[in-house]
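Asks: Here is my input, please return the structure:
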Amino acid sequence: MIKILDAKDGDELFLLGNEAAARAAIESGVTVASTYPGTPSSEIGDVLSSIASKAGLYFEFSTNEKVAVEVAAAAAASGVRSFTFMKHVGLNVASDSLVSIAYTGVEAGMVILSADDPSMFSSQNEQDNRHYARFANIPLLEPSNPQEILDFTKYAFNLSEEFKIPVLVRTTTRVSHMRSKVKVGEIKKMRKKGQFKKDPKRFVLVPSTARTMHKELIKKTEKISKIVNKSPYNQYHKTDSRYGIITSGGAFNYTHDLINEKELPISILKLGFTYPFPDKIVSRFLEDLEKVFIIEEVDPIIEKDVLSIIGRENLEVDVHGKLDGTFPRIYEYNQDIIEASIKKQIPLKVKRKGPLKTHLPERPPTFCPGCPHRAVYYSINKALEELQMDVIFSTDIGCYTLGIESPYNTADYLLSMGSSIGAACGFSKATRQKIVS
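Replies: Just a heads-up that it's a prediction; the model follows:
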């Protein structure tokens, strides 16, 4: 981890995507960083917490994601760069303040990294946080590998500072946990302390202020829309084919590998700066195509924007994505899924090895050796057995949830982080059953 801090401009490091995000914060001169830990974003906090003192930045594990965002927002409003990051569901907790920050804006760069979890490897849902960029009207960047995480995040700080607006960077589990060679850059000298300049007509969102600031936010978005269509982070991989693919983030990696390995004559438009949506670039890409495939994880967000462009400009291009059933609506993709989906619409003469015949047993997560949860759940079950009592186990996010597995069987209802108490109250009012929360 010290290498992440001590590496010089031009050095190459073998980094996780999350480690690259931490290096990006250092290079960008971040003064304040905050998070509530959650996979797949956790390693960013692990790195920053271990090097914060030597790096001279303030880092905290906040009470929750809402607090983490508010700490970072106040820092950015005071003129120092801030970085906050969390797993996708954490942005739900922070969303109230997030939308307000978009209105008030910032004085120094503020970047929010959301690590989404397609296929729900460690989460209760696989929501697509690209919606939040549209919901809050803030710019969105989607890196596809560790080098891009470094480069995109650094750019996000500059973009945020130029337009005085928070910027969202969206990764996914595979991108966050991918490891590859990363060429690092120069570390920007940070500003140790800022100065908050009072401006109630901007920073105190009573209705009259909010109406004015919403108008200003729309103006910012319109200006950024002109930049996004010229961004080097939106790239053509053009062929003479009448078929094309538009993709972003981790889905690009599977797409690129399939096209290259099988030498398929299909053009690719890779979008890295995805909101405001780069409509002019997309329109140019569609001009000579007969069919276009939209490959994205998880929701059909790009697909809907593409359909809107085609309708507005009266283009004759068939669009194949999630909405017409060509691609799955759920879970992360891989090369096999993408190949099988494209084959539904065009013939592909490719040979692929058949599926693995050996049945692999499931390996659910379990408690660590010596974990005190084991003893607690064992004791509860012994007590209930002696009392001959049946209860509802209102459980919570984290290791508590592992009580669902045998021999504990101590999980009956779970919604979200901290929901065990509220749910227990509901069960106590609606039933005559006993509850363990």
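Asks: What segments of the stretch 301-437 of the chain are strands?
Replies: Using DSSP state E, counting those that start in this stretch, the strands of the stretch 301-437 of the chain run over 318-320, 391-393, 434-436.
Asks: packing partners for the second one?
Replies: It stands for strand 391-393. Packing contacts for strand 391-393, counted by 3 or more CB pairs under 8 Å, 6 or more residues apart in numbering; DSSP states H and E, involve strand 434-436. All C-beta atoms are positioned from the backbone trio N, CA, C, and that covers glycine.
Asks: Give me the sheet partners of the strand it packs on and which way each runs.
Replies: strand 391-393 (parallel) (DSSP bridges).
Asks: quick one on the thing from earlier: nearest to residue 91, of the strands of the stretch 301-437 of the chain?
Replies: Nearest of the strands of the stretch 301-437 of the chain to residue 91, taken as CB to CB: strand 391-393 at 27.9 Å.
Asks: Now do that closest one: distance to the chain's middle.
Replies: Distance, stretch centre to chain centre, for strand 391-393: 34 Å (CA atoms, centre = their mean, to the nearest Å).
Asks: Please enumerate residues in contact with that strand?
Replies: With CB atoms under 8 Å, 6 or more residues apart in numbering as the test, strand 391-393 has contacts from 384, 403, 410-413, 424, 427, 431, 433-436.
Asks: Flag the least confident of the residues you listed.
Replies: Ranked by pLDDT, the contacts of strand 391-393 bottom out at residue 403 (87).
Asks: roughly how far apart are it and residue 374?
Replies: Here the criterion is CB to CB, to the nearest Å. By it, residue 403 lies 10 Å from residue 374.
Asks: Identify the farthest-apart pair in the contacts of strand 391-393.
Replies: Based on CB to CB, the longest span within the contacts of strand 391-393 runs between 403 and 431 and measures 20.4 Å.
Asks: of those two, who's got more company?
Replies: residue 403 (21 against 10; other CB atoms under 10 Å).
Asks: In space, what's closest to the more buried one - neighbours in sequence excluded?
Replies: Of all residues not flanking residue 403 in the chain, residue 410 sits nearest, at 3.6 Å (CB to CB, 6 or more residues apart in numbering).
Asks: Check the gap between that neighbour and residue 401 for me.
Replies: According to CB to CB, residue 410 and residue 401 sit 10 Å apart.
Asks: Mind listing the shared neighbours of the two?
Replies: Overlap of the contact sets of residue 410 and residue 401 (by CB under 8 Å, 6+ apart) consists of residue 395.
Asks: higher neighbour count, these two?
Replies: In this view residue 410 and residue 401 are compared by other CB under 10 Å, and residue 410 has more residues nearby, 22 against 15.
Asks: re the thing from before, could you work out which of the strands of the stretch 301-437 of the chain reaches nearest to residue 40?
Replies: Closest to residue 40 of the strands of the stretch 301-437 of the chain is strand 391-393 (CB to CB; 27.0 Å).
Asks: hang on, the residue nearest to residue 403 packs against residue 378?
Replies: No: counting by CB atoms under 8 Å, residue 410 stays clear of residue 378, with 9.5 Å between them.
Asks: coming back round to it: turn the contacts of strand 391-393 into JSON lines, including distance to residue 22.
Replies: Below are the contacts of strand 391-393 laid out as JSON lines (distance: CB to CB, whole Å):
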{"residue": "384", "distance to residue 22": "45"}
{"residue": "403", "distance to residue 22": "33"}
{"residue": "410", "distance to residue 22": "36"}
{"residue": "411", "distance to residue 22": "33"}
{"residue": "412", "distance to residue 22": "38"}
{"residue": "413", "distance to residue 22": "36"}
{"residue": "424", "distance to residue 22": "38"}
{"residue": "427", "distance to residue 22": "42"}
{"residue": "431", "distance to residue 22": "47"}
{"residue": "433", "distance to residue 22": "46"}
{"residue": "434", "distance to residue 22": "46"}
{"residue": "435", "distance to residue 22": "41"}
{"residue": "436", "distance to residue 22": "39"}
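Asks: Can you flag the buried ones in those?
Replies: 384, 403, 410-413, 424, 427, 435-436 (16 or more other CB atoms under 10 Å).
Asks: and those, which of them are in helices?
Replies: 384, 424, 427 (DSSP state H).
Asks: Can you tell me how far the closest residue to the second one other than its chain neighbours is from residue 371?
Replies: The shortest distance from residue 424 to any residue other than its chain neighbours is 3.7 Å, reached at residue 437 (CB to CB, 6+ apart). Separation of residue 437 from residue 371 (CB to CB): 19 Å.
Asks: Specify which residue of these two has the higher count of neighbours.
Replies: Per other CB under 10 Å, whichever of residue 437 and residue 371 has more neighbours is residue 437, with 19 against 13.
Asks: pretty sure that one is touching residue 422, no?
Replies: No: using CB under 8 Å, residue 437 is not in contact with residue 422, being 9.2 Å away.
Asks: per the record, what domains does the chain have?
Replies: When the chain is parsed with automatic domain parsing, its domains come out as 2-228, 234-343, 372-436.
Asks: Packing partners of the strand or helix carrying residue 251?
Replies: Following DSSP states H and E, one finds residue 251 within helix 249-261. If you count contacts as 3+ CB pairs under 8 Å, 6+ apart, helix 249-261 packs onto strand 167-172, helix 173-177, strand 243-248, strand 267-271, strand 291-295, helix 335-343.
Asks: helices or strands up against the longest one?
Replies: With contacts taken as 3+ CB pairs under 8 Å, 6+ apart, helix 335-343 sits against helix 249-261, strand 291-295.
Asks: cool, the second one as well?
Replies: Here helix 173-177 touches helix 17-27, strand 110-116, helix 249-261, going by 3+ CB pairs under 8 Å, 6+ apart.
Asks: try it again with 6 Å
Replies: helix 17-27 (3 or more CB pairs under 6 Å, 6 or more residues apart in numbering; DSSP states H and E).
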